[in-house]
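Asks: Make a model of this:
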Amino acid sequence: MDVWRITLAALRRWYVLLPLLAVTGVMAIGAGNRVAPEYEGQAGAMITPERIQGEVANPYGSITNANEALGIVLNSVDSRRTIMEQGLSASYEIGVASRSTILQVSVRADSPEVAIATGQAVLDLAAQELATRQTDAALPAEAQYTLAVLDPPAVTAIVDTGSVRVQAVVGVLGAGVSLLVAVLFDDIVGLWKRARARGSRRSAKRARDEKEAASDTAAAVAEPAEPSTDAVDDPVSATEEPEAPRSRDLPRRRSEPAPAGPRGPNGNKHSDHTGLTTASPSINSALINTNEWVWPGDQSLEEAIAAEEEPRRRRNPFFDPEFTKRQLEKKSKRKDAPEPAEDVESTSGTTTSSGAAQRP
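Replies: This is a model prediction of the structure:
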């Protein structure tokens, strides 16, 4: 099913689609309200240089290298696991600028208290990391880098992206299911209507047949068959055989010769297909090869000639149909002409001589 048919089905079943879409909207709003918003907190700190020059080199090198190394350590999996073990949120990000001593902490949690506590725990973990690594290098406290809090953790925004995401998912799924239900309902209704129309046609046909059968039965009962009086009044006609049809009135096969018939209007012997004995074989083929049987009166000789002329005219533009017609008429007249007088006299003389010879 293409998009156009789905659209037409949805428009036809709008009374099914619209309530389902309304239910989907209510469900999406309810699902979004059940999702708790997230609270975003921000905190800032700076790494301060040592107060005195130590005798041992600092393991971090420069103060900017210490800031970059601290950002890598705080973003590691171990640091996040440590924060989660304290029951806080692991959804935090450490922002460190290149060649800078500023450290930015961004936290996202389900409640403002958790967001603030997570930010403070991250700053404490950063200070501990600085002190532990420098102490292990045998640097005195005055010669170590320290962490100074510039912006204490605080909630800066309430984020509703989770609820919006849930509403979008519920809305898309609900709209798809609603459209599917509307299209299926349209298909079911169409099948039911077609089955009902088919049953109605069968019932109407059955009723019509029963009515016709009842009318035929009533007519047979109301008008009984009367005996024929022809056999009683004319006993001779009952034994007579019907007159056999003439051979020229019956159809013939194309392989059989045409019987004799009445003369046509032009003096020809035949005026229908039975006169094809005077025509050329090509005209006979044009007329009777299209069927096994040839019926009298189907086509006149002039129509047969016209039918034969058409393909010849297309093949040969110099073909003269009038000349062919005259030749056919001459041939027909020669075949219909009486026998010569000499043959008649010789025949009569032979008869006379034979008769005289028989006389005593």
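Asks: which strand is the longest one in this protein?
Replies: The strand that spans the most residues within the chain, counting by DSSP state E, is strand 146-159.
Asks: could you dump that one to PDB, C-alpha only?
Replies: Extracted C-alpha coordinates of strand 146-159, given in PDB (Å, rounded to 0.1, in the frame of the first residue of the first chain):
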ATOM      1  CA  THR A 146      47.400  24.300  45.600                       C
ATOM      2  CA  LEU A 147      43.800  24.600  44.400                       C
ATOM      3  CA  ALA A 148      41.800  27.800  45.100                       C
ATOM      4  CA  VAL A 149      38.000  27.800  44.700                       C
ATOM      5  CA  LEU A 150      36.900  30.700  42.600                       C
ATOM      6  CA  ASP A 151      33.200  29.800  42.200                       C
ATOM      7  CA  PRO A 152      31.700  27.400  44.800                       C
ATOM      8  CA  PRO A 153      29.200  24.800  43.400                       C
ATOM      9  CA  ALA A 154      25.700  26.100  42.800                       C
ATOM     10  CA  VAL A 155      22.600  25.200  40.700                       C
ATOM     11  CA  THR A 156      22.500  27.300  37.600                       C
ATOM     12  CA  ALA A 157      19.700  25.800  35.500                       C
ATOM     13  CA  ILE A 158      16.900  23.200  35.400                       C
ATOM     14  CA  VAL A 159      17.000  21.000  32.300                       C
END
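Asks: strands paired with it, and their directions?
Replies: Sheet pairing here is set by DSSP bridges, and for strand 146-159 it gives strand 38-48 (antiparallel).
Asks: Could you identify the helix or strand that succeeds the partner strand?
Replies: helix 63-74 (DSSP states H and E).
Asks: and that next one, what other elements does it pack with?
Replies: strand 38-48, strand 92-96, strand 102-109, helix 112-136 (3 or more C-beta pairs under 8 Å, 6 or more residues apart in numbering; DSSP states H and E). Every residue, glycine included, has its C-beta placed from N, CA and C.
Asks: give me that answer again for 6 Å
Replies: Where contact means 3 or more C-beta pairs under 6 Å, 6 or more residues apart in numbering; DSSP states H and E, helix 63-74 is packed against strand 38-48, strand 92-96, helix 112-136.
Asks: Buried residues of that helix, list them for me.
Replies: For helix 63-74, a neighbour-count test (16 or more other C-beta atoms under 10 Å) marks 63, 64, 66, 67, 68, 69, 70, 71, 73, 74 as buried.
Asks: closest to residue 95 among those residues?
Replies: Nearest to residue 95 among the buried residues of helix 63-74, counting by C-beta to C-beta, is residue 71 at 7.6 Å.
Asks: Go ahead and confirm residue 170 touches residue 31.
Replies: Yes - between residue 170 and residue 31 there is a contact at 4.8 Å, judged by C-beta atoms under 6 Å.
Asks: Next one: residue 61 from residue 67, what distance?
Replies: Taking C-beta to C-beta, to the nearest Å as the criterion, residue 61 is separated from residue 67 by 11 Å.
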